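S.K.: no sequence for this one, just the structure:
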Ligand SMILES: C[S@@+](CC[C@H](N)C(=O)[O-])C[C@H]1O[C@@H](n2cnc3c(N)ncnc32)[C@H](O)[C@@H]1O
């Protein structure tokens, strides 16, 4: 058999799909990851990289296609990761995500029987995102907006972002076209290598139910390299839904999008949306679920699992702008919440007032520290909601939370691997996973959201 070497081409069958959407093939037992290849397909693959235990290959030709292949997908969506599942039918995406959740739980706790409910599909499989974060760069002297190629900082120009609300795409293209008229691309667009230029990123949020939009220009200096007033009036005249335009000054060379300094150029610091009938003000640095319609189903699942009572005290841990606690504050006795981003906590407090809810206590701090302090203060909730970032729960948080004796803990997770790890940790502390509900919050991408119901035994 042909020996595995870089640039060699092999005909082979695709055996599996990695969780990030790469087809997996084996050449003489050695695994290669191949973009745009689906399980069951026979393909020709060119070896592009050989590492210690795995490598990468480039799809040269599909000899026998999968019945689950969606044709005519723009491959830039796969190359950038905007839609790394975009080459699969939506049904196949859902089936794969369901299988992933079942497998990851089984792997971590092989002896347990878990009841995983069928994944909740999204009503809109495209154009659902309420937020965009796009880099601005000069390519051959022309200012471009788009997305970076996966694992690189090479910009691929994109106009139709496929999974974003089209009004967001229109605003990005409009800004790009205006900027092209206003000066040299090399002066306006940021250049990471030379560390010069002005505009690094355009960040846009669009409230799903109200249509209000927020624009943040992430720049290296508060000085505009062109006439600011003229630019702002053109924007607001053409987009009457724009309620907030802000500058964020980021002079670092790190990968954080936002720097510490903010300046409001037009309107307010927040936009307003509704979720499950409650009003929410959202500031630029605060977390807000990017698929609002589907997030409402996610939260509703969490509440159904919680079986709340009017006398309940609840904790909304990792609370962001308070969405999870505030949507049910009028169905319970008391809500406690904590979150590390102070602007988001300010939003949560204002949001409580906006909705006439006064049985709330939201504080700024890390969940692990605040929970330990609340335990020491004798706070004893009936239900604890947790919605941590991808890294999951901190051990110290689990320690404190499980000593509070809540009857139920509801875990909303955006990472099945850390969720499964925490299932085991919570079990050793007396909380048993009873129900697991995957929810497809991010169609066309490999991301999976899960709600878990844990009951104290
Ligand atoms: C997945 S988001 C959930 C936000 C909110 N529950 C919602 O549904 O919009 C996770 C939140 O945890 C916050 N966070 C990250 N690490 C934290 C920590 N150690 N303690 C408290 N909050 C944290 C993030 O800022 C973010 O707002």
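M.R.: That came through, no problem. What you are looking at is a predicted structure, and each value in this text was computed from that prediction instead of being measured.
S.K.: CA only for contacts and neighbour counts going forward, please
M.R.: Noted.
S.K.: list the buried residues in stretch 359-368.
M.R.: With burial defined by 16 or more other Cα atoms under 10 Å, the residues of stretch 359-368 counted as buried are 360-368.
S.K.: ah, wrong one, I meant stretch 227-236
M.R.: residue 235.
S.K.: now that stretch, how far from the centre of its chain.
M.R.: 31 Å (Cα atoms, centre = their mean, to the nearest Å).
S.K.: returning to what we had before: among the buried residues of stretch 359-368, name the ones in helices.
M.R.: Applying DSSP state H to the buried residues of stretch 359-368, the entries found in helices are 367-368.
S.K.: dump the buried residues of stretch 359-368 into TSV; add pLDDT as well.
M.R.: Listed next are those as TSV, based on pLDDT from 0 to 100:
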residue	pLDDT
360	98
361	98
362	98
363	98
364	98
365	98
366	98
367	98
368	98
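S.K.: what's the single longest helix in this structure?
M.R.: helix 90-108.
S.K.: who does it touch, helix- and strand-wise?
M.R.: Counting by 3 or more Cα pairs under 8 Å, 6 or more residues apart in numbering; DSSP states H and E, the packing neighbours recorded for helix 90-108 are helix 416-428.
S.K.: one step back: which SSE is immediately downstream of the longest helix of the chain?
M.R.: Using DSSP states H and E, the helix or strand that follows helix 90-108 towards the C-terminus is strand 131-139.
S.K.: next SSE downstream of that following strand?
M.R.: strand 142-148.
S.K.: for the helix or strand following that next one, give the mean pLDDT please.
M.R.: Counting by DSSP H and E, the next helix or strand C-terminal to strand 142-148 is strand 155-157. On average, the pLDDT along strand 155-157 is 98.
S.K.: for stretch 318-336, same thing?
M.R.: Here the average pLDDT along stretch 318-336 is 98.
S.K.: over to stretch 125-145?
M.R.: Here the average pLDDT along stretch 125-145 is 98.
S.K.: and it, which residues are buried?
M.R.: The neighbour-count check on stretch 125-145 (16+ other Cα under 10 Å) flags 126-139, 143-145 as buried.
S.K.: beta partners of residue 218?
M.R.: residue 201, residue 248 (DSSP bridges).
S.K.: what separation do you get for it and residue 193?
M.R.: 17 Å (Cα to Cα, to the nearest Å).
S.K.: and for residue 186?
M.R.: Distance from residue 186 to residue 193, by Cα to Cα: 12 Å.
S.K.: and the two? Which one has more around it.
M.R.: Using other Cα atoms under 10 Å as the criterion, residue 186 and residue 193 rank with residue 186 on top: 18 against 7.
S.K.: can you confirm that one is in a helix?
M.R.: Yes. With DSSP: H, G, I helix; E, B strand; the rest coil as the criterion, residue 186 is located in a helix.
S.K.: how near is it to residue 172?
M.R.: Residue 186 is 18 Å from residue 172, by Cα to Cα.
S.K.: report the angle between the axes of the longest helix of the chain and helix 416-428?
M.R.: 40 degrees (axes from the mean of the first three to the mean of the last three Cα atoms, to 10 degrees).
S.K.: from the rest of the structure, what touches helix 90-108?
M.R.: 19, 68, 85, 112, 114, 116, 118-119, 121, 125, 416-417, 420-421, 424, 438, 440, 443-444, 446, 448 (Cα atoms under 8 Å, 6 or more residues apart in numbering).
S.K.: if we go to 7 Å?
M.R.: Residues outside helix 90-108 that contact it (Cα atoms under 7 Å, 6 or more residues apart in numbering): 68, 85, 116, 119, 416-417, 420-421, 438, 448.
S.K.: buried sites along it?
M.R.: 90, 92-94, 96-98, 100-105.
S.K.: now swap in stretch 60-76 and tell me
M.R.: So, applying 16+ other Cα under 10 Å, buried residues of stretch 60-76: 62, 65-66, 68-69, 76.
S.K.: likewise stretch 278-297?
M.R.: Quick answer for stretch 278-297 (16+ other Cα under 10 Å): 278-284, 286, 288-297.
S.K.: swap in stretch 379-390?
M.R.: So for stretch 379-390, counting by 16+ other Cα under 10 Å, buried means 380-388.
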